[in-house]
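Peer 1: Have a look at this prediction, sequence included:
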Amino acid sequence: MKIRNAERKDIDKLLKLLSEVLEIHAQIRPDIFVSGTSKYTREELESMVDDANCLIYVAADDNDEVIGYAFCLIRKPQFTNNMVQHCNLFVDDLCVEAGHRGQHIGEKLLDYVKAEARRMGCYEVTLAVWAGNDRAEGFYDRMGFKTKERIMEYIL
């Protein structure tokens, strides 16, 4: 397995994996996520893959078939007088194909993301997990992630 930047040839597989993630979220929060949809369209992915500033890393097997991904963003929190200026690498989306889970691919993807963040001079790697996605939360706990803040809601 190798980790590399996403390419146009990966888009079909990225769409499939994005659907897997969407269905997990739709089961947890059907009031927010629409089953059968995707976070990105083919056209949006084409644009993202062509953009050198867009950080999409894929885990590919020995046949160069995508089996996982990490969509990342560089974030620089708005400067205020009471906060130290810094940047972080935000993992916007991470997925390992259902049939390949449990093979440490997610760990390797996150290790790669952490190394890239260090290389780019980021202070931290951050991500968000939907409440109820216990499997993902357990995985991130095992990978050393800690709760930084919580977003709470009151549904009207």
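Peer 2: Everything's here; your move. If you're wondering where the values come from, they're calculated on a predicted model, not measured in any experiment.
Peer 1: any idea which helix is longest in the chain?
Peer 2: helix 11-28 (DSSP state H).
Peer 1: what's it in contact with?
Peer 2: Residues from elsewhere that reach helix 11-28 (C-beta atoms under 8 Å, 6 or more residues apart in numbering): 6, 32-35, 37-40, 42, 45-46, 49, 56, 58, 65-66, 68-69, 93, 95, 97-98, 130-133. Bear in mind the C-beta positions are built from the backbone N, C-alpha and C, glycine included.
Peer 1: which of those count as buried?
Peer 2: Listed as buried from the contacts of helix 11-28 are 6, 33, 38-40, 45, 49, 56, 58, 66, 68-69, 93, 95, 97, 133; burial here means 16 or more other C-beta atoms under 10 Å.
Peer 1: Tell me which two in those are the farthest apart.
Peer 2: Across the buried ones among the contacts of helix 11-28, the longest distance by C-beta to C-beta is 26.3 Å; it joins 49 and 133.
Peer 1: what kind of secondary structure is residue 137 in?
Peer 2: Recorded secondary structure, residue 137: helix (DSSP: H, G, I helix; E, B strand; the rest coil).
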